[in-house]
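Enquirer: sequence and predicted structure are below.
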Amino acid sequence: MNESPLELIRKLGASFLFAVGRIGMMGIFLARAFLYCFIPPLKFSLILKRIRFIGLQSTLLIILTGAFTGMVLGLQGFYTLNRVGSTAFLGPAVALSIIKEMGPVITGFMVTGRAGSAIAAEIGIMRISEQIDAIELMGLHPFRYLVVPNLLAGIICLPLLTAMFDVVGIFGGYLVGVKLLGVSGGIYFGEMASSVTMDHVLEGLYKSISFGVIITWVSCYKGYNTGTLGWGAEGVSKATTQAVVLSSVMILLWDYFMTSILF
Amino acid sequence: MIEIKNLHKSFAGVEVINGITLDVKKGEILALIGGSGQGKSVLLKHMAGLIKPDQGQVLIDGKEIAKLRGKTLSQLRRRLGFLFQGGALFDSMTVFDNVAFPLREKTKLGEAEIRKRVVHELEKVGLSGEEEKYPTQLSGGMVKRAALVRELIWEPEIMFFDEPTAGLDPIIGQTIMNLIDNIHKQFHFTGIIVTHEIPKVFEIVNKVAMLHGGTLLTEGSPEEIVSSDDPVVQQFIKGEIEGPITYY
């Protein structure tokens, strides 16, 4: 059945308003989360537990992905630079790629997949099994127990994991470029030291902090609002998938925004 | 203490509560009975402020709970206890930590005093020695008992029970009912029990309200309900298949 143009416009308008409403809700959720970061008491033991979960337990994954990212960059970079006789720039090429882009973004993706999905699922299950209602009915605010510890842990852990990724990645590039393909070690690190500035390091640092906020914000939001997506296991599964997809997309969008506007 | 005035609530266009007016006096226990899907749990969650009505009001001590925000709402909720159907124990905590949670978060008691009280209360419901287990390691009855202790340990003024004996064997069900009765005699809380445990629940409540089709069909003392000449009430409390209730 053909719909009238007016009906089509009405539906488009309704979808637009729905999307704006959801964005607004997410914004309010983040603002409230930050607000509760500044209203004592902070639950330090919970924050430490989340740091352990988001940070410490992601270490091996970050080392592994960092090493192989650096190694593949070393390999690709060497063959590309070798064509123009500039293998001396392998060190700066690997370091800048990793410090400015690959480190924060890949770390963000890895933490999203490992911790973000788990955060969304955990909070989602707490929602459908009425555990969040139980906290509310005790006159306590669930944000203090569920959202703030994750948010602060994300802000603390992402830069540290990114730094780890950067260091391991640079050594991965060194392993391939210097040890396997014969670039001089002195040149690899020497050119790197003269090309990489503190601004580049700060760029990666700011990005990783913002990705820490994005991952925990989106994951907590999706878990917390599991009921709006459908109840039961299906609701939790949708919340988890949406948390991972939305966090990943937002990481890329925000990365582009930060690179083009701020740096 | 609790007044419900002309309450209406719909979900996805389906009217679940259709103009209910009811009140519960201080210290009284009310049993909310009625068929499955008749809006009992929804009404209970309105009273606790977990769901906002489309129309009408729920007043607790004259304050409209749906309009309370922030600190005022928290202060009111600190006087409430709610036993959820599934217990709603925190999965990530042991039984001990679950029961200790409200004491740690809502009182200034020291850890030694909290331990003493938690161990004592768990012992009273036969959960001695289960303190270090997680909720997933417990049976349904144990979860219900632990959840009941978590809610009652800080002596709330108003207690909501959402099917406290659902899924339990008759002995544990009776134990929970006796526990509610004993604690009520001790602390005189105002209570609302949603249950299908008929006529067992009639022994511990002062008043019964029956919901049917989203409306309040009847209310009165347990004796009045038992002797009601309404065929719907009689069919329901006797559990008869034949009768005016045909939704099964």
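Expert: Looks like it came in fine.

Enquirer: quick check: closest non-adjacent residue to the spatially most central residue of chain A.
Expert: Chain A has A:G108 as the residue nearest its centroid, 3.0 Å off, counting by Cα atoms, centre = their mean. If the residues on either side of it in the chain are set aside, A:G108 comes closest to A:F211, at 3.8 Å by Cβ to Cβ, 6 or more residues apart in numbering or on different chains. C-betas here are computed from N, CA, C, even on glycine.

Enquirer: does the one you found touch A:L252 like I think?
Expert: No: judged on Cβ atoms under 8 Å, A:F211 makes no contact with A:L252 at a distance of 10.2 Å.

Enquirer: tell me, what's touching the two both at once?
Expert: Both A:F211 and A:L252 are contacted by A:V105, under the criterion Cβ atoms under 8 Å, 6 or more residues apart in numbering or on different chains.

Enquirer: pick out whichever of the two has more residues nearby.
Expert: Taking other Cβ atoms under 10 Å in any protein chain shown, A:F211 and A:L252 do not tie; A:F211 has more neighbours (29 against 12).

Enquirer: what's the burial count for A:F189?
Expert: A:F189: 15 surrounding residues under other Cβ under 10 Å.

Enquirer: chain A contacts on chain B?
Expert: By Cβ under 8 Å from any Cβ of the partner chain, the residues of chain B that approach chain A are B:48, B:50, B:73-78, B:80-82, B:84-86, B:88-92, B:101-102, B:105-106.

Enquirer: looking at these, which are in strands?
Expert: Among the residues of chain B next to chain A, the residues falling in strands (DSSP state E) are B:80-82.

Enquirer: B:S41 against B:Q85, yeah?
Expert: Yes: between B:S41 and B:Q85 there is a contact under Cβ under 8 Å: 7.3 Å.

Enquirer: shared neighbours of these two, anything?
Expert: What both B:S41 and B:Q85 touch, as defined by Cβ under 8 Å, 6+ apart, is the set B:162-163.

Enquirer: for A:L96, give me the pLDDT.
Expert: What the model reports for A:L96 is a pLDDT of 96.

Enquirer: surely it meets A:E191?
Expert: No: counting by Cβ under 8 Å, A:L96 stays clear of A:E191, with 10.7 Å between them.

Enquirer: what sits against B:I204?
Expert: With contacts defined as Cβ under 8 Å, 6+ apart, the neighbours of B:I204 are B:29, B:177, B:180-181, B:184.

Enquirer: and the residues of chain B next to chain A, which of them are buried?
Expert: Buried by 16 or more other Cβ atoms under 10 Å in any protein chain shown: B:48, B:50, B:73, B:76-78, B:80-82, B:84-86, B:88-90, B:101-102, B:105, out of those.

Enquirer: does the spatially closest residue to A:G113 that is not a sequence neighbour lie in a helix or a strand, and which?
Expert: In space, and not counting its chain neighbours, A:G113 is closest to A:V244: 6.4 Å by Cβ to Cβ, 6+ apart. A:V244 belongs to helix A:232-257 when assigned by DSSP states H and E.

Enquirer: helices or strands up against that helix?
Expert: Using 3 or more Cβ pairs under 8 Å, 6 or more residues apart in numbering or on different chains; DSSP states H and E as the contact test, the elements touching helix A:232-257 are helix A:103-111, helix A:117-128, helix A:198-224.

Enquirer: any low-confidence regions in the chain?
Expert: In the absence of a named chain, this looks at chain A. Along chain A, the parts satisfying pLDDT under 70 run over A:1-2, A:228-230, A:263.

Enquirer: you answered for a different chain; I wanted chain B.
Expert: Scanning chain B for pLDDT under 70 picks out B:247-248.

Enquirer: in it, what residue sits furthest out from the centroid?
Expert: Outermost residue of chain B (Cα atoms, centre = their mean): B:A112, 30.2 Å.

Enquirer: now that one: how far from chain A?
Expert: In this structure, B:A112 and chain A are 18 Å apart, going by Cβ to the nearest Cβ, to the nearest Å.

Enquirer: may I see the buried residues of the host helix or strand of that residue?
Expert: B:A112 belongs to helix B:111-124 when assigned by DSSP H and E. Of the residues in helix B:111-124, B:114, B:117-119, B:121-122 count as buried by neighbour count, 16+ other Cβ under 10 Å.

Enquirer: name the next helix or strand downstream of that helix, please.
Expert: Toward the C-terminus, helix B:111-124 is succeeded by helix B:140-152 as the next helix or strand (DSSP H and E).

Enquirer: return the set of buried residues in that following helix.
Expert: Within helix B:140-152, the residues scored as buried using 16+ other Cβ under 10 Å are B:141-152.

Enquirer: what's next to the longest helix along chain B, contact-wise?
Expert: The residue-count maximum for a helix in chain B (DSSP state H) belongs to helix B:170-187. By Cβ under 8 Å, 6+ apart, the residues outside helix B:170-187 that reach it are B:29, B:124-126, B:141, B:144-145, B:148, B:152, B:155, B:159, B:161, B:164-165, B:168, B:189, B:191, B:193, B:197, B:200-201, B:203-204.

Enquirer: that helix versus helix B:140-152: what angle between them?
Expert: Put simply, helix B:170-187 runs at 10 degrees to helix B:140-152, going by axes from the mean of the first three to the mean of the last three Cα atoms, to 10 degrees.
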